[in-house]
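>>> need a 3D model of the following:
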Amino acid sequence: MGSTWDVALSADPEQRWLSVPDGTNNTVWVVNRETPEVEDSSGRGGRMAGHFDWVHNLDVDSHGNIYTAEVNDGHRVQKFIPTGR
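Residues are numbered from 1 along each chain as shown. You can find the predicted model right below:
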């Protein structure tokens with residue numbers, strides 16, 4: 001099935017980051033576009049907030065909020081607000 005199911009550019013003017021939902025591993029990877037190294041990740045398999053059940057789609061709005069959509073039994077959308085860390 002593979003692991004990269006979608007990709008979205010960050011909201012910063014340079015679009016330095018790629019957010020990549022990995023439905024196989026139930027994780028969202030944050031990749032530096034320049035290097036291309038994984039800089040951060042979030043999520044794990046499960047049904048609680050912040051967990052994923054086959055995270056399939058991802059998008060980033062102009063404020064940097066990340067929206068994810070799940071398939072299979074998940075059937076939900078989650079919104080993640082950047083913390084500025």
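
>>> quick check: phi and psi at the residue nearest to residue 32 when sequence neighbours are not counted.
Closest residue in space to residue 32, ignoring its immediate chain neighbours: residue 39 at 5.1 Å, by C-beta to C-beta, 6 or more residues apart in numbering. Bear in mind the C-beta positions are built from the backbone N, C-alpha and C, glycine included. Here is the backbone geometry of residue 39 (degrees, to the nearest 10): phi -100, psi -30.

>>> do residue 60 as well
As for residue 60, its main-chain torsions (degrees, to the nearest 10) stand at phi -120, psi 130.

>>> now name the helix or strand holding the residue positioned nearest the centre of the chain.
For the chain, residue 28 is the residue whose C-alpha lies nearest the centre (C-alpha atoms, centre = their mean; 3.7 Å). Assigned by DSSP states H and E, residue 28 belongs to strand 27-32.

>>> check the offset of that strand from the chain's centre.
6 Å (C-alpha atoms, centre = their mean, to the nearest Å).

>>> other SSEs contacting it?
The elements that strand 27-32 packs onto, with contact taken as 3 or more C-beta pairs under 8 Å, 6 or more residues apart in numbering; DSSP states H and E, are strand 17-22, strand 38-42, strand 55-60.

>>> please identify the most buried of those.
Among those, strand 17-22 has the highest mean neighbour count (mean count of other C-beta atoms under 10 Å), at a mean of 21.

>>> pull the CA atoms of that strand into CSV?
Provided in CSV are the C-alpha atoms of strand 17-22 (Å, rounded to 0.1, in the frame of the first residue of the first chain):
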residue,chain,number,x,y,z
TRP,A,17,8.0,22.2,5.1
LEU,A,18,6.1,19.3,3.6
SER,A,19,3.4,17.6,5.7
VAL,A,20,3.1,14.0,4.7
PRO,A,21,0.3,11.8,6.0
ASP,A,22,1.5,8.2,6.3
